[in-house]
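> what follows is a predicted protein model with its sequence.
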Amino acid sequence: MKLSSIFAQEKPTLSFEVFPPKTDDLYEKVEAAALEIASLKPDYMSVTYGAGGGTSRYTVSIAKDIEDTHKVPALAHLTCVSSDKGTVRNQLENLRQAGIENILALRGDIPKDGRVSTDYRYASQLIEEIADFGGFCIGGACYPEGHIECENLEEDIINIGKKVEAGCSFLTTQMFFNNDILYSYIDKLHKKGIFVPVVAGIMPITNAKQIYRSCELSGTVLPKRFIRIAEKYGDKPDAMKQAGIAYATEQIIDLYASGIRNVHVYSMNKPDVARQIQSNLSEIIKG
Ligand code: FAD
């Protein structure tokens, strides 16, 4: 099922994310986690591509497993920064063969050695390519606090407009911990004439150290309220997990209450985290 049809139903959605294994021997473990999350029957599940330490090789097979086993629509991520057109077309063919209908089209992070594709510079070019290939519902990434490489938010939003023009029909946000930042961002998108559904990406923090590092890399601001929790419970994994899930739950309830319909949880291959959040929201997501 295409995500555009799900978003058009105008009911609250909750989706989860998994990333493929880093090495072959971890495949079964990741597959089991993905299927356990899928058994919760979220509105859809996304499978990253070469991000979070996962490899790109298994994105298609994990996405297909999720769809075949639990009939949960899959959103396969695809990046272009290190790919040529042939590799991209090949992956699109694989996705089509597997029956996957949704792609989150990304540029990807510039590799440490700086070597990038000469075929693609920006995600909007990948989006054009996928639209030209045909048959997919295409999403893109957006950054409520601005993408780290962009000089200012205004310009970043102009670039988001280019993705939409190229054929992107929804946007998923980078993680954020202060909902007011998202509300103000959506106002800015609307002022630039961008009205595609914006899916709020929420990261339940279960490991404080990791999050300090990834927020630094992505330019995401951690509110004082969150830092106090991380400082108090960061060295106590079970307490940190409980607090992280509670913080994410509260954030999501405020989002739904404020009219944001679509929430994506960066569940990071953790079925227990996905299950707890879904259970915390059981009445709320009935709409
Ligand atoms: P782009 O949209 O190309 O933007 C990159 C930068 O270029 C921005 O600063 C933008 O303002 C600028 N720009 C865009 N177009 C133009 C233009 N025409 N002229 C001038 N400047 C321009 N990474 C992975 O490797 N695998 C994943 O699975 C993955 N999933 C993600 C999912 C989400 C929801 C998000 C938010 C990020 C994800 N990432 C993933 C990370 C992503 O690849 C990086 O954030 C990357 O640095 C930017 O990707 P993009 O698609 O937003 O790039």
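Looks like it came in fine. Numbers count the residues shown, from 1 in each chain.
> where do the helices sit along the chain?
3-8, 27-38, 59-70, 85-98, 123-133, 153-166, 179-191, 208-218, 224-233, 237-257, 271-280 (DSSP state H).
> just checking, what packs against the fifth one?
Here helix 123-133 touches strand 74-79, helix 85-98, strand 102-106, strand 137-142, helix 153-166, going by 3 or more Cβ pairs under 8 Å, 6 or more residues apart in numbering; DSSP states H and E. Any C-beta I mention is one placed from the backbone N, CA and C, and that applies to glycine too.
> what do you get for the first one?
Using 3+ Cβ pairs under 8 Å, 6+ apart as the contact criterion, the elements in contact with helix 3-8 are strand 137-142, strand 170-173.
> the first one and the ligand in contact?
Yes - Strand 137-142 comes into contact with the ligand when judged by Cβ under 6 Å from any ligand atom, the residues involved being residue 141.
> strands paired with that strand, and their directions?
strand 102-106 (parallel), strand 170-173 (parallel) (DSSP bridges).
> so which of those strands is nearest residue 1?
Among the strands paired with strand 137-142, the nearest to residue 1 by Cβ to Cβ is strand 102-106 (8.4 Å).
> output that closest one as CSV, nothing but the C-alphas.
The C-alpha coordinates for strand 102-106 follow below in CSV (Å, rounded to 0.1, in the frame of the first residue of the first chain):
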residue,chain,number,x,y,z
ASN,A,102,7.4,3.3,-0.9
ILE,A,103,10.8,4.9,-0.9
LEU,A,104,12.4,7.5,1.4
ALA,A,105,14.9,9.1,-1.1
LEU,A,106,18.0,10.6,0.6
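> now stretch 222-241: mean pLDDT?
For stretch 222-241, mean pLDDT rounds to 96.
> that one: which residues count as buried?
In terms of neighbour count (16 or more other Cβ atoms under 10 Å), stretch 222-241 has its buried residues at 222, 226, 229, 230, 233, 234, 240, 241.
> export those to TSV and tack on distance to the ligand?
Converted to TSV, the buried residues of stretch 222-241 look like this (distance: Cβ to the nearest ligand atom, whole Å):
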residue	distance to the ligand
222	17
226	19
229	23
230	21
233	26
234	24
240	23
241	22
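> and the nearest residue to residue 239 once chain neighbours are set aside, how far from residue 31?
Once flanking residues are discounted, residue 239 sits nearest to residue 233: 4.2 Å by Cβ to Cβ, 6 or more residues apart in numbering. Remark: distance between residue 233 and residue 31 (Cβ to Cβ, to the nearest Å) = 31 Å.
> residue 20 too?
As judged by Cβ to Cβ, residue 20 and residue 31 stand 9 Å apart.
> re the thing from before, closest to residue 70 out of the buried residues of stretch 222-241?
residue 241 (24.7 Å).
> mind checking the backbone torsions on the spatially closest residue to the closest one that is not a sequence neighbour?
Spatial nearest neighbour of residue 241, excluding adjacent residues (Cβ to Cβ, 6+ apart): residue 206 at 4.5 Å. Main-chain dihedrals, residue 206, degrees, to the nearest 10: phi -120, psi -10.
> going forward can the numbers begin at 28, since that is how I track them
Will do, 28 is the new start, and the previous item becomes residue 233.
> residues near residue 233, how many?
20 (other Cβ atoms under 10 Å).
> identify the residues contacting it.
264, 267, 268, 271, 272, 295, 297, 300 (Cβ atoms under 8 Å, 6 or more residues apart in numbering).
> cutoff 7 Å now
Residues in contact with residue 233, defined by Cβ atoms under 7 Å, 6 or more residues apart in numbering, are 267, 268, 271, 300.
> which residues sit in contact with the residue lying closest to the first one once chain neighbours are set aside?
Distance criterion Cβ to Cβ, 6+ apart; nearest residue to residue 267, sequence neighbours excluded, is residue 260 at 4.4 Å. Under the criterion of Cβ under 7 Å, 6+ apart, the contact list for residue 260 reads 266, 267, 270.
> no further queries at this time; thank you.
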